[in-house]
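Enquirer: One predicted model, sequence on top.
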Amino acid sequence: MSELAIIPATALLILLVWRLALNELQWASRGRILPMGGRRRLAQSMLARRRRFPFFGWPFRDARALACADLLTQTGQYEEAECLLRPLLGRHRDIRVVGAARLMLARALDGQWRFDEADAESDSGLQLLENAGFPAGRLVLERAETYRRRGEESEALSVLRRALVRTDLSPAARDAISSQYLYSCLQLRLYGSALDFGRGLSEGSLTGPAGWSLAYAMVLAYARAGDLEKARSVASRLREPVLQAAAEAHILSAEGAHEQSVLAARMGLALTESPVHSQLRIAVVMALMRLQRLEEARSLAESAVSPSSARGTADVRLENAVWLITTARVCVMQEDWVAAGGYLEQAATVPRLGEYLRAAVRAYHAGVLGRLGRIDDARVEYDDAQEVVARLAVDKINGGEGDLLLGMASLMMGEAPRAEQLLSQALAKGLERTLVPAAFYHLGLAFEAQGRAGSAEDAFRSAVSVGFPDCYTTMAERRLERP
């Protein structure tokens, strides 16, 4: 039976008109990804029409209110979205519409960092829709998003994984869940799981409405796994120029062609504002770091950091935390420990970070504090990072990256034997190819700190032999060239 067949006629009308209102996005962009500026203008236009003609189209008023609130939330206008949604909770009798409004209100409240209220609205909305027999696919996506907003990424992944074995999902719902599952795997460094799942995607999924999202996720997974031929094959499916540029930048970076990666990413940035713009900018910064053009990388990274007072939804918080960590990493490479510590302290204040990012912030901060001589503070941060990494390891999440983070932090704190143990574990568990030179280079430094010159030389040679051009490869070569 179709998911929509169980919905009464009145609720079906509301949902269909809501869908038509949301499709204004697609019409406005002529089938392309609408940039943030376009979404913001469309939201303001819809809001102005509601205020100017409050009784025009009254049968569809609530559906358009939901669509407008969705756009307002997407564009960071959280208070306006809340004002539109609150009246729906009291005047509408259909619990499906009230449930949908509560879930949207949860997003708007989350963007204002009113987390307790957001959690309550989300739980209430999910319960209403579940009781009303709402489409299973929508419930799964909403439940996974709720966990992700709370920073519980592994729980969100579990919800999506369980849903994929269900038999009552429509093809469109299954593809949407598949897309979210792939991105959750990538965020938690489960590259093998992403590839295993992606290889089983049907041609219909890759050519359907969610096809571009599935294809782009698979490009990232193949690039990080070092299977560049497959990455290029899947990238050929992308039709949006900005997505093509983003895919090409990631593939070139994985190849070690960092100069070309910078050019491809900057070409994508010049095309139009889009949801992948932040990824393009990060790709530029990472390539510049690998080329050791650190001043240029730092300037670009610092310009992307939001003020400490800025608020936003989970996606906004995630993006800002990533920029703060990236900027701090550039500062570490420049040995500007004070600046690095400042950025990491700001990152630590971002609420509801996912588990892996929280571990990364704590581990990097522990290392920086160690360099600054604040050993007691460094130990507190290190213990917190170690606890998160251990918890993720139980679920086989992040492979060797958690040990790599802790190993680098231990080295900066002056604990070379501990660093050697962790870095060796990271390499044994397996790392993304682009991280292997860093692991071997720091392992070499750990050996040097213990006076084991022969082992250090072997580690530096291993960093070079990976064949991935990187700043750590260059630094390892310089170590080997010393008399």
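Expert: Thanks, I have it.
Enquirer: and S236, how far is that from Q279?
Expert: Distance, S236 to Q279, using CB to CB, to the nearest Å: 19 Å. To be clear about C-beta, it is placed using only N, CA and C from the backbone, and glycine gets the same treatment.
Enquirer: The two: which has the busier surroundings?
Expert: Q279 (19 against 11; other CB atoms under 10 Å).
Enquirer: Which strand or helix spans the more buried one?
Expert: Using DSSP states H and E, Q279 falls within helix 277-290.
Enquirer: Show the subsequent helix or strand relative to that helix.
Expert: According to DSSP H and E, the helix or strand after helix 277-290 is helix 294-304.
Enquirer: Which positions in the helix or strand where V368 lies come out as buried?
Expert: Assigned by DSSP H and E, V368 falls within helix 355-371. By neighbour count on 16 or more other CB atoms under 10 Å, the buried set for helix 355-371 is 355-371.
Enquirer: Extract the C-alpha set from it and format it as PDB.
Expert: Output of helix 355-371 as PDB, limited to C-alpha atoms (Å, rounded to 0.1, in the frame of the first residue of the first chain):
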ATOM      1  CA  GLU A 355      31.100  12.800  19.100                       C
ATOM      2  CA  TYR A 356      34.000  12.700  16.700                       C
ATOM      3  CA  LEU A 357      34.300  16.500  16.400                       C
ATOM      4  CA  ARG A 358      34.200  16.800  20.200                       C
ATOM      5  CA  ALA A 359      37.100  14.300  20.400                       C
ATOM      6  CA  ALA A 360      39.000  16.300  17.800                       C
ATOM      7  CA  VAL A 361      38.600  19.600  19.600                       C
ATOM      8  CA  ARG A 362      39.600  18.100  22.900                       C
ATOM      9  CA  ALA A 363      42.600  16.300  21.500                       C
ATOM     10  CA  TYR A 364      44.000  19.200  19.600                       C
ATOM     11  CA  HIS A 365      43.400  21.500  22.600                       C
ATOM     12  CA  ALA A 366      45.200  19.100  24.900                       C
ATOM     13  CA  GLY A 367      48.300  19.100  22.600                       C
ATOM     14  CA  VAL A 368      48.300  22.900  22.300                       C
ATOM     15  CA  LEU A 369      47.900  23.300  26.100                       C
ATOM     16  CA  GLY A 370      50.800  20.900  26.500                       C
ATOM     17  CA  ARG A 371      53.000  23.100  24.200                       C
END
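Enquirer: Tell me if I'm right that L353 and N320 touch.
Expert: No: taking contacts as CB atoms under 8 Å, L353 lies outside contact range of N320: 10.1 Å.
Enquirer: if we can go back for a sec, what is the helix holding V368 packed up against?
Expert: For helix 355-371, the packing partners by 3 or more CB pairs under 8 Å, 6 or more residues apart in numbering; DSSP states H and E come out as helix 153-163, helix 314-333, helix 337-348, helix 375-394, helix 401-412.
Enquirer: Make CSV out of those helices and add distance to G198.
Expert: CSV is the format used below for the helices and strands packed on helix 355-371 (distance: least, CB to CB, whole Å):
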stretch, distance to G198
helix 153-163, 14
helix 314-333, 22
helix 337-348, 31
helix 375-394, 22
helix 401-412, 20
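Enquirer: from what I can see V350 touches V316, true?
Expert: No: when contacts are counted by CB under 8 Å, V350 is not listed as touching V316 (9.7 Å).
Enquirer: Neighbour count: the two, which is higher?
Expert: Neighbour tally, V350 and V316, criterion other CB under 10 Å: the higher count belongs to V350, 22 against 16.
Enquirer: so that one, which of the three states?
Expert: coil (DSSP: H, G, I helix; E, B strand; the rest coil).
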